[in-house]
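[1] Next come a sequence and a model predicted from it.
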Amino acid sequence: MFDMFKMFEQNAENAGQGQDQYPSQLETEKIFVVSVGGSALIKDKVNLNLLAKIANSISNLQKEGFKFAAVVGGGKICRDYIASAKLLGTTNNFLLDEMAINVTRINAAMLIHALDEAHPEVQTRIYSSRDIISSGKIPVYGGLIPGFTTDTVAALLSEFLEGTFINLSNQDGIYTSDPKEDSSAKLISKMNHDRLLRLMFRSDTRQPGANVIIDAVTCMILNRSKIKAMVLNATDSENFESALRGNDFTGTLIETREE
């Protein structure tokens, strides 16, 4: 797993060559990296009403002084393309992941059209996010590297920007077990990073297009820098805005406070 992190970081370093890695100072307590889950946003097609609601909330909060980066997942469309490619004989997981990344970038382009102040191009370099945010725009990403989910991209952005990781999913937060399969599952309103790791290591993201609420690699990145994180239901825009403003909300807060 450590080697996987090293590969990702080296790739990010290469992507940042030719520009200042730290071009500006940002007010980090109001930076939020929003990972829009493809499973919430996209079924057989993009849910345009939900996309507009999410974009409207981000735009409203930005006007209040909050700063954002966004990452968009692939959802069912992505998994359908992967399944079709397999039927056509493609067995190379790297190539299947490359296909998935292209789909997420198309979804990211849709979010760009819905946002008031988005940078006009889908971003492919972590380091570009600081300049774009400093200019008053919102950088929007899809996938970046085969083998890593869009949640992982969002976690790395959160780490680089020293911001808060927000996961907008198709459920209210992290549960003690899968609520779709276990009627006794309970929503966990707050947890530290160690508990997050214990829960999420049950997930299997070895296959391209894997569908889990937060994958293990993302959890490890959140843990290594003790990144504050929230898991919220993508369909409740009022709840999303309340959480970011520091008010009461329904969801899961992940943080480990320094003693």
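    That came in fine, so what should we check first?
[2] which residues does the most centrally placed residue in the chain contact?
    Taking CA atoms, centre = their mean, the centroid of the chain lies closest to residue 35, which sits 2.5 Å from it. Residue 35 makes contacts with 70, 71, 73, 150, 151, 153, 154, 155, 165, 166, 167, 168, as judged by CB atoms under 8 Å, 6 or more residues apart in numbering. Quick note: C-beta positions are derived from backbone N, CA and C, even for glycine.
[3] For those, pick the one with the most neighbours.
    Neighbours here mean other CB atoms under 10 Å. Within the contacts of residue 35, the largest count is held by residue 71, at 32 neighbours.
[4] Verify the stated contact: residue 72 with residue 106.
    No. The pair residue 72 / residue 106 is not scored as a contact, 9.1 Å apart, by CB atoms under 8 Å.
[5] tell me what the longest helix seen in the chain is packed against?
    Scanning the chain for the helix with the most residues, using DSSP state H, yields helix 93-114. Contacts defined by 3 or more CB pairs under 8 Å, 6 or more residues apart in numbering; DSSP states H and E place helix 93-114 against helix 38-41, helix 48-63, strand 67-72, helix 75-87, strand 140-141.
[6] now the ones you listed in a markdown table, with distance to residue 217 and mean pLDDT?
    Formatted as a markdown table, those follow (distance: least, CB to CB, whole Å; pLDDT from 0 to 100):
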| stretch | distance to residue 217 | mean pLDDT |
| --- | --- | --- |
| helix 38-41 | 17 | 87 |
| helix 48-63 | 24 | 96 |
| strand 67-72 | 14 | 98 |
| helix 75-87 | 18 | 91 |
| strand 140-141 | 16 | 98 |
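[7] Make a markdown table from these and add distance to residue 114 to it.
    As requested, the helices and strands packed on helix 93-114 are exported to a markdown table (distance: least, CB to CB, whole Å):
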| stretch | distance to residue 114 |
| --- | --- |
| helix 38-41 | 11 |
| helix 48-63 | 4 |
| strand 67-72 | 10 |
| helix 75-87 | 16 |
| strand 140-141 | 10 |
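[8] Give the bridge partners for the residue nearest to the centre of the chain, please.
    residue 71, residue 167 (DSSP bridges).
[9] ok, residue 149 - how many residues close by?
    29.
[10] Could you find the closest non-adjacent residue to it?
    Nearest residue to residue 149, sequence neighbours excluded (CB to CB, 6 or more residues apart in numbering): residue 215, at 5.2 Å.
[11] how deep is the one you found tucked in, by neighbour count?
    22.
[12] what does the one 4 residues further on give?
    Residue 219 has 23 neighbouring residues, counting by other CB under 10 Å.
[13] Can we start the residue count at 11 from this point?
    Shifting the count to begin at 11 puts that one at residue 229.
[14] To which secondary structure element is it assigned?
    helix 226-234 (DSSP states H and E).
[15] After that helix, which helix or strand is next? Please name it.
    strand 239-243.
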